[in-house]
Every structure is written in structure tokens, then in C-alpha cells.
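Q: With the sequence up front, the predicted model follows.
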Amino acid sequence: MTDLMHHTAMPILAWTPHVYACNHPGGFPSNWQQLSAQQQAEHPINMVMFQVASASYQDHEQLPGCLGPMGIDTESIKFMKAKDTSVSTVTAMVMKAANERIFVVFKGSDVSNIASDVNCRYSAPVGAAFGTPDSDIRLTDGFYRAWKVLENGVINTVITYLNEAPGAQIHVVGHSLGASLASIAALRMQAGGVLPASADVAGVWLLASPRSGNGAWRDAYNAALLTRTLRITNFRDFASRLPQQTQDCSAGGGLSALVAARGQYAHMGRSLVQCPAPSGGLMQWKLYGSGSENLECGPGKNGADMSIATHMLGAYFDAWRRGHLASKGSDLADDIRTAAVLCQECVDLKNARNSG
């Protein structure tokens, strides 16, 4: 969840999918929720969403040059920043595209957010906020508090853009802490009665997401958004393993840290686990169309990578790119679309094989 070195530079590919072309092969599919898990995992629109997620980490003045060519109305980019603790600030972006799509983006953690990240005690029951007042939905207190300080700004901006384009679809994405906030925002907008009845959260991308709530949360979320949500997890990413499925959690520092409460935590959405291939520099995908708690790439426990190298957003993009090539039967060293951003050793290995 903590993103020191969060977003290594995203390589620029030689071809760019057009956000504004719904029927373009690289554009947004009009039927995302009807695609199979495999089709969603392979779809090139994921590359766009990695770039959109990365925008939340960029300096504001850089965004028009990055997002304008992707079809984003750069005048529409709105930032919301708010303090969720005395030392922690959380950030969201809302913007719209020329094709009348609305994007809601949540930034991941920095050092100041550690208290929110580790505050995994249950919130009070919050089912009413998601249209299920009789359910015992409990979110981690840190993530729910972070969402609440952003909620009014995010919801009001989305409503403004929906009034300008009543048929606009809403797409939500976040990385790390931002992925947890994205899931909360997505279900709040889809089922919480805060948007016009015609509003539709058409797609959700959760990158490096921690577990955000209990089993009731998972069930409510999946009932509304399972087939619209692609949760992507990297091999051994520590953040996706937190909180553990069963964990004792304190509320943070001070005396509250002495009193722990045991909670049960669950992932939601379709799951794509990105695993290293045995050879060739490619990735293998493990897909769970109905969701899964399985984050391992082999039969045993892989163990968490506490160096945070696998947690970086750039590492996620690179792993997806390699998995996409593998799914298409491509070889890294032979694919001209990625030749400019390949690790040199892949090319050297290929050349050595050919010369031998």
C-alpha cells in the first residue's frame, strides 16, 4: 500500500489506443461487462487505464500533454485533496473524455498515508451507504475514512459532468490505497443512490488492491460490479495480501494500538494474477472470473516481496504488457511494438539463440 517509488516511468509505446473510439480495436469496448475474464485481461484498453492511473501521481502541469492526446478534455481535470488524518492527505481526480466518458482516479499511498493503510479495524456497519441497509458491511476504518473526506468532491464533480452529458459512462481506477478507494467509490456510485438513476459505472480497474472490507462487503460489491471489475495483482506484491484474510487490527497509534480486534477480510471483483513465466521474459496469467483470494503463482506460498519492487505501478504495467504478449503467442524480442522498451538481455538472448 505504501508507494515510496510508486510509479516508475511508464514506457511510451509506438502505438496509442484511442480513448474516444468506442469501436476502434484499441478503444473502450461498449460491452466491457459482457466480456469474459480472458477477454478483459487481454483487452488493450488496460494499457490506457494504467496510463490514467499513473496521471494521479504526475504534476498538474504535465497532465494536458499526457492526457490530451488520449482524448481527455484537459479543461475538465479536477483534483480533490483532503486530510483523512492530521498527517495524511488523500487525492482523487475526476475528468471527462471527448467521447463523454467520465474517469474517476484515486492516487496511492505515500509515507504520510501509513496510518490510514494500517488502520484495518472494522468501520461501523455501512450497508446503507451501498443500498443494503440490513447487511453487515464493514470496511477497514482507514480506507473508509479516507473515502469519506473525498466523497463530496468526487460525487459532486461526477454529477456536474453527468448533467453535461447524461449518457456518459463512468470508469473508476486506482492503485494501492487508491484501488481500495476506487472500489468504495464505484459501489457507492453504482448502488448508493447518490447519482441519477441512469448513471452507470461501466468499468473498474483495481491495481495492487489491498483487501478493503469483510465478506459482506465482497458479496455486495460482486453482486453489483463483479463482471465490470478487473483486479490485477502482481507476483508477490505485499499490498494485495493486506490485511490478511483473518487479522488482528488496532486502530493506529497511541493507546488504541494496545487494543486489537480480529476481523475477516476479502477481495472482490474478477482477479488477474500476473506470474513470471519459467523462461523467455514473459508473464503467465492466472484468471479467476468469479473472483478469488488466491494470490499465489505456484502450489505453495510465494511470500510477500517487502522491497515494494513488485508493487510499483510501472512494474504492473510491464507485467501486463509481457502477459499480453504471451497471451497472443508473441515473443518479446520479436515484437516490433515493444522493441523500444524491452530489457536488452531479452534481445541478446534471442540473438544468441539464433546465432548458435
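A: Ah, there it is.

Q: Which residue ranges of this structure form helices?
A: With helices called from DSSP state H, the chain shows them at 37-42, 45-55, 63-67, 114-118, 141-164, 177-191, 215-225, 313-327, 344-355.

Q: any idea which of those is most buried?
A: Ranked by mean neighbour count under mean count of other CB atoms under 10 Å, the helices of the chain are led by helix 177-191, which reaches a mean of 28. Every C-beta, even on glycine, is put in place using the N, C-alpha and C of the backbone.

Q: Which strands and helices lie in contact with that helix?
A: strand 89-96, strand 101-106, helix 141-164, strand 169-175, strand 200-207, helix 215-225, strand 229-234 (3 or more CB pairs under 8 Å, 6 or more residues apart in numbering; DSSP states H and E).

Q: Let me have these in JSON lines, adding mean pLDDT and distance to P64 as columns.
A: Output for the helices and strands packed on helix 177-191, formatted as JSON lines (pLDDT from 0 to 100; distance: least, CB to CB, whole Å):
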{"stretch": "strand 89-96", "mean pLDDT": "96", "distance to P64": "11"}
{"stretch": "strand 101-106", "mean pLDDT": "97", "distance to P64": "15"}
{"stretch": "helix 141-164", "mean pLDDT": "96", "distance to P64": "18"}
{"stretch": "strand 169-175", "mean pLDDT": "97", "distance to P64": "19"}
{"stretch": "strand 200-207", "mean pLDDT": "97", "distance to P64": "22"}
{"stretch": "helix 215-225", "mean pLDDT": "98", "distance to P64": "31"}
{"stretch": "strand 229-234", "mean pLDDT": "97", "distance to P64": "27"}
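
Q: who wins for proximity to M189 among these?
A: Taking CB to CB, strand 200-207 is the member of the helices and strands packed on helix 177-191 nearest to M189, at 5.4 Å.

Q: closest one to R101 among the helices of the chain?
A: helix 141-164 (9.6 Å).

Q: Show me how far the closest one is from its chain's centre.
A: 17 Å (CA atoms, centre = their mean, to the nearest Å).

Q: S88: neighbouring residues, count only.
A: Number of residues near S88 (other CB atoms under 10 Å) recorded here: 23.

Q: mind listing what it touches?
A: 112-116, 146 (CB atoms under 8 Å, 6 or more residues apart in numbering).

Q: Give the closest residue to L181 in space, chain neighbours not counted.
A: Nearest-residue entry for L181: F106, 4.1 Å, with adjacent residues in sequence omitted and distances by CB to CB, 6 or more residues apart in numbering.

Q: Isn't R188 up against F130?
A: Yes. Using CB atoms under 8 Å, R188 is in contact with F130, at 6.4 Å.

Q: ok, so what distance separates S56 from D84?
A: Distance from S56 to D84, counting by CB to CB, to the nearest Å: 16 Å.

Q: Please name the bridge partners of the residue positioned nearest the centre of the chain.
A: Centroid-nearest residue in the chain: L206, 2.3 Å away (criterion: CA atoms, centre = their mean). Each beta-bridge partner of L206 is listed here: G174, R231, as defined by DSSP bridges.

Q: Pairing partners for F103 in the sheet, please.
A: M95, H171.

Q: What distance do you get for it to M70?
A: Counting by CB to CB, the gap from F103 to M70 is 10 Å.

Q: same question, Q39
A: 22 Å.

Q: which residues of the stretch 251-356 of the chain score low on pLDDT?
A: Applying pLDDT under 70 to the stretch 251-356 of the chain flags the ranges 251-260, 279-280, 331-356.

Q: so where do the strands sit in it?
A: Assigned by DSSP state E, counting those that start in this stretch, the stretch 251-356 of the chain shows strands spanning 261-264, 270-276, 283-288.

Q: relative to helix 45-55, how tilted is the second one?
A: Right, the one you point to is strand 270-276. Interaxial angle of strand 270-276 relative to helix 45-55 (axes from the mean of the first three to the mean of the last three CA atoms, to 10 degrees): 90 degrees.

Q: Show me what strand 270-276 is in contact with.
A: 37, 40-41, 226-227, 229-235, 283-292, 294-297, 316, 319-320, 323.

Q: which among these end up buried?
A: The neighbour-count criterion (16 or more other CB atoms under 10 Å) marks 37, 40-41, 226-227, 229-235, 283-288, 291-292, 295, 297, 316, 319-320, 323 among the contacts of strand 270-276 as buried.

Q: Please report the distance of V201 from A326.
A: 30 Å.

Q: what about S36, neighbour count?
A: Neighbours of S36 using other CB under 10 Å come to 12.

Q: Would you mind writing the CA trace of stretch 172-184 as PDB?
A: What follows is stretch 172-184, C-alpha atoms only, in PDB (Å, rounded to 0.1, in the frame of the first residue of the first chain):
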ATOM      1  CA  VAL A 172     -13.000   4.100 -12.000                       C
ATOM      2  CA  VAL A 173      -9.400   3.200 -11.400                       C
ATOM      3  CA  GLY A 174      -6.900   3.300  -8.600                       C
ATOM      4  CA  HIS A 175      -3.500   1.900  -7.500                       C
ATOM      5  CA  SER A 176      -2.700   0.600  -4.000                       C
ATOM      6  CA  LEU A 177      -4.600   2.700  -1.400                       C
ATOM      7  CA  GLY A 178      -6.200   4.300  -4.400                       C
ATOM      8  CA  ALA A 179      -7.500   0.900  -5.500                       C
ATOM      9  CA  SER A 180      -9.300   0.400  -2.200                       C
ATOM     10  CA  LEU A 181     -10.800   3.900  -2.600                       C
ATOM     11  CA  ALA A 182     -11.800   3.200  -6.200                       C
ATOM     12  CA  SER A 183     -13.700   0.100  -5.100                       C
ATOM     13  CA  ILE A 184     -15.600   2.000  -2.400                       C
END
